[in-house]
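S.K.: attaching a predicted model along with its sequence, questions to come.
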Amino acid sequence: LVPRLRPFTSTIFAEITQLAVRTGAINLGQGFPDEDGPAALLADAQQAIATGANQYPPAPGLPALREAVAAHQRRFYDLDAQDVLVTTGATEAIAAAVLALCGPGDEVVVFEPYYDSYPAVIAMAGATRRTVPLRAPDFQPDPAELRAAFGPRTKAVLVNTPHNPTGAVFGPDTLRAVADLAIAHDAVVLTDEVYEHMTFDAEHVPMATLPGMAERTLTISSAGKTFSVTGWKIGWVHGPAGLVAAVRAVKQFLTFASGAPFQPAVAAALATADYAAISAGLRPKRDLMVSGLRAAGMRVFEPRGTYFVVADLAPLGVTDAAEYARAMPEKVGVAAVPVSVFCDDPDLAPTLLRFAFCKRTEVLEQALSRL
Ligand code: PMP
Ligand code: GLN
């Protein structure tokens, strides 16, 4: 492996999931639901296979899906998607965007804790990351620290709201501050909104809706989280034609096209899904986890979005959550992910664990009773 990628040899998700499987622990580590998406969606993909959607689809994506993404953005955010590119999950959209826009000498601003693929693809591009800390309890960036991360080499900013792992939803002040700095430094905003339909008493506001931002923002989302089909790996990116063309140039040589039979199924789901049911279904699980983890003696930061909750184990005397997370499946029978692996700064979150609550209620209850 080339030296610049040696820090990225394994992902925490694979590691913790393997540990959970080996020990028989309840896996609240990797974020995937334990129930599949809507029956009609699953049937549509089976039908697409049965009726011949098995060869390469158009490289930019099935027109019906690209149109459905645009219609979704209009409906929820009054946003003109401009050009839409279908990708192999949000992961490919993020990677192709960073590879398309950033190179050696360029800096990319990221918030830490970050999603683990961000630093890896920034390193693949040969660019440099500049991190802005998000601190408990509210996990919004400090304006001065945010400003300090921008400079003459800033090429892009990677935003993720609702935010994995903290569950924070970026408020209007934070979004405006990011937008102003991006405009001042002529930077592109890459915004990862895969948890857009999972919010609790908070409004998800896409970066691209802020004045002056549509022309410099690439908006990324995915079917995996919204429709509980994380294994399908159908995502998309939209934005101005010039920026999307750059991403398409990279995507064509990464994967060329993405999962043919899943695309018509996702197109139909985008138009017909019961979106309100997503947050409504997750809310009681969030509440159960927040109160259960508190009862177990942790300090819990109630999430406003996503299906993750972060808890501090310091009140239990834990000083190294990473070490604890590796022992917990065996000792307690529950797996979770340490937040420190998503941070450059070792002092930012040494005692925090992330628990996924996209699981059946009885599974969460069992996990809490073990904890
Ligand atoms: N971004 C964030 C913040 C995520 O949590 C995930 C994991 N679902 C992804 C991107 C990857 O999405 P996908 O599975 O669609 O590639
Ligand atoms: N997005 C998922 C999470 O945060 C994991 C995806 C993966 O395993 N790479 O848990």
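M.R.: Perfect, I can see it now. Ligands and ions are numbered 1, 2, ... in the order given.

S.K.: hmm, who's touching the helix or strand encompassing residue 73?
M.R.: Element membership for residue 73 (DSSP states H and E) is helix 63-77. Contacts with helix 63-77, where a contact means C-beta atoms under 8 Å, 6 or more residues apart in numbering, come from 60, 79-81, 84-86, 196, 206, 208-209, 219, 221, 234, 236, 238, 263-264, 266-268, 270-271, 275. From N, CA and C alone the C-beta is placed, and that goes for glycine too.

S.K.: ok, 6 Å please
M.R.: 79, 81, 84, 86, 206, 209, 236, 263, 266, 267, 270, 271 (C-beta atoms under 6 Å, 6 or more residues apart in numbering).

S.K.: check stretch 309-325 too.
M.R.: Contacts of stretch 309-325 (C-beta under 6 Å, 6+ apart): 165-166, 289, 293, 297-301, 303, 336, 338, 340, 351-355.

S.K.: mind listing which of those residues are in helices?
M.R.: Judged by DSSP state H, the subset of those located in helices is 289, 293.

S.K.: of the contacts of stretch 309-325, buried ones?
M.R.: Restricting the contacts of stretch 309-325 to buried positions leaves 165-166, 289, 293, 298-301, 303, 336, 338, 340, 351-355, with burial counted as 16 or more other C-beta atoms under 10 Å.

S.K.: count of residues packed around the residue in the stretch 51-200 of the chain positioned nearest to ligand 2?
M.R.: Going by C-beta to the nearest ligand atom, ligand 2 is nearest to residue 164 of the stretch 51-200 of the chain, at 5.2 Å. Neighbour count for residue 164, taken as other C-beta atoms under 10 Å: 25.

S.K.: residue contacts, it?
M.R.: 115, 306, 308.

S.K.: can we see that at 10 Å?
M.R.: Residue 164 is in contact with 31, 113-116, 192, 194-195, 225, 303, 305-308, 342, 354, 356, counting by C-beta atoms under 10 Å, 6 or more residues apart in numbering.

S.K.: low-confidence ranges, this protein, go.
M.R.: With pLDDT under 70 as the threshold, the chain has no low-confidence stretch at all.

S.K.: break it down into its domains, please.
M.R.: Domain assignment for the chain by automatic domain parsing gives 3-30+275-370, 39-272.

S.K.: next, give phi and psi for the residue of the stretch 51-200 of the chain closest to ligand 2.
M.R.: phi -100, psi 130 (degrees, to the nearest 10).

S.K.: quick one: the strands in this protein?
M.R.: Ranges of strands within the chain are 26-27, 83-87, 107-112, 128-133, 154-160, 188-192, 217-222, 235-239, 299-301, 308-312, 334-335, 337-338, 352-356, based on DSSP state E.

S.K.: out of the ones you listed, which gets nearest to ligand 1?
M.R.: strand 217-222 (3.1 Å).

S.K.: export that closest one as CSV, just CAs?
M.R.: C-alpha atoms of strand 217-222 as CSV (Å, rounded to 0.1, in the frame of the first residue of the first chain):
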residue,chain,number,x,y,z
THR,A,217,-22.5,23.1,-3.8
LEU,A,218,-22.6,19.4,-4.6
THR,A,219,-25.4,17.7,-2.6
ILE,A,220,-25.1,14.0,-1.9
SER,A,221,-27.6,11.5,-0.6
SER,A,222,-28.4,7.9,-0.9
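
S.K.: show me how far it is from its chain's centre.
M.R.: 11 Å (C-alpha atoms, centre = their mean, to the nearest Å).
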